[in-house]
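Peer 1: give the three-dimensional model of this entry:
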Amino acid sequence: MKKTMYSLMAVILCSMILASCASSRNFAPITKATLPAVERSDRTDEYQILNTVEAEAVVSITQNGKKRLIKSEGPDAFLNVCIQDKNDPNKYNYSVGDSKGTLRFGIIENFNMGEADKCDAESMARYLAAYRLINEAKTAGADGILAPSFRGDTEEIKDGVVYKIKLSAKLIKLNTAN
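Peer 2: This is a model prediction of the structure:
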């Protein structure tokens with residue numbers, strides 16, 4: 001009887017330990033990058049314009065019952081799953097467990113890109129395009145950007161919409177000799 005009791009307790013204890021080790025995400029993996037956007041100066045000796053770069057992000061949103069599926073294209077693709085709020089049918093909540101990939105947010109200082117919302121495909125496209133532009137700038141050795149601008153195109157697809165955001169800016173290198 002004691003052996004059975006000890007065996008039962010051991011099984012329960014192992015089950016509790018294994019259940020606590022199960023991997024479930026309770027946060028979205030996010031990568032952020034920032035870059036300053038400088039105001040144009042009449043003193044051209046303060047910086048040197050390297051070149052102009054452009055970055056694009058394509059993000060689609062489709063509706064599947066009470067779920068919104070927000071997907072990006074490219075090597076840094078992600079899938080955001082947002083579920084309709086039970087109390088407010090116009091509100092969607094980000095579902096961490098159902099979503100896949102790492103969210104990439106590029107933040108260009110002094111440039112209004114609107115709020116980042118994981119359940120809004122257009123917002124996610126803007127921030128992903130900014131992330132890609134910042135990577136281009138860093139690769140080129142830029143210290144900042146000048147005159148950032150973006151253009152957005154919207155295309156209707158079956159059960160959803162595709163947002164194409166293109167960001168462009170002049171890359172600058174600050175002159176440190178002055």
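Peer 1: which stretches of this protein form helices?
Peer 2: Ranges of helices in the chain, per DSSP state H, are 2-21, 121-139.
Peer 1: hey, least reliable of these by pLDDT?
Peer 2: Across the helices of the chain, helix 2-21 has the smallest mean pLDDT, namely a mean of 41.
Peer 1: quick check: which ranges of this structure have low pLDDT?
Peer 2: Applying pLDDT under 70 to the chain flags residues 1-28, 40-44, 177-178.
Peer 1: now the strands for it?
Peer 2: All strands of the chain, identified by DSSP state E, fall at 30-38, 47-64, 67-72, 79-84, 92-94, 103-109, 144-157, 160-174.
Peer 1: what would these look like in JSON lines with distance to residue 118 and mean neighbour count?
Peer 2: From N, CA and C alone the C-beta is placed, and that goes for glycine too. As requested, these are exported to JSON lines (distance: least, CB to CB, whole Å; neighbours: other CB atoms under 10 Å):
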{"stretch": "strand 30-38", "distance to residue 118": "9", "mean neighbour count": "15"}
{"stretch": "strand 47-64", "distance to residue 118": "11", "mean neighbour count": "17"}
{"stretch": "strand 67-72", "distance to residue 118": "8", "mean neighbour count": "20"}
{"stretch": "strand 79-84", "distance to residue 118": "5", "mean neighbour count": "19"}
{"stretch": "strand 92-94", "distance to residue 118": "4", "mean neighbour count": "17"}
{"stretch": "strand 103-109", "distance to residue 118": "7", "mean neighbour count": "20"}
{"stretch": "strand 144-157", "distance to residue 118": "18", "mean neighbour count": "15"}
{"stretch": "strand 160-174", "distance to residue 118": "14", "mean neighbour count": "20"}
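Peer 1: can you redo the ones you listed as JSON lines with distance to residue 115?
Peer 2: Below are those laid out as JSON lines (distance: least, CB to CB, whole Å):
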{"stretch": "strand 30-38", "distance to residue 115": "15"}
{"stretch": "strand 47-64", "distance to residue 115": "15"}
{"stretch": "strand 67-72", "distance to residue 115": "15"}
{"stretch": "strand 79-84", "distance to residue 115": "15"}
{"stretch": "strand 92-94", "distance to residue 115": "14"}
{"stretch": "strand 103-109", "distance to residue 115": "11"}
{"stretch": "strand 144-157", "distance to residue 115": "15"}
{"stretch": "strand 160-174", "distance to residue 115": "15"}
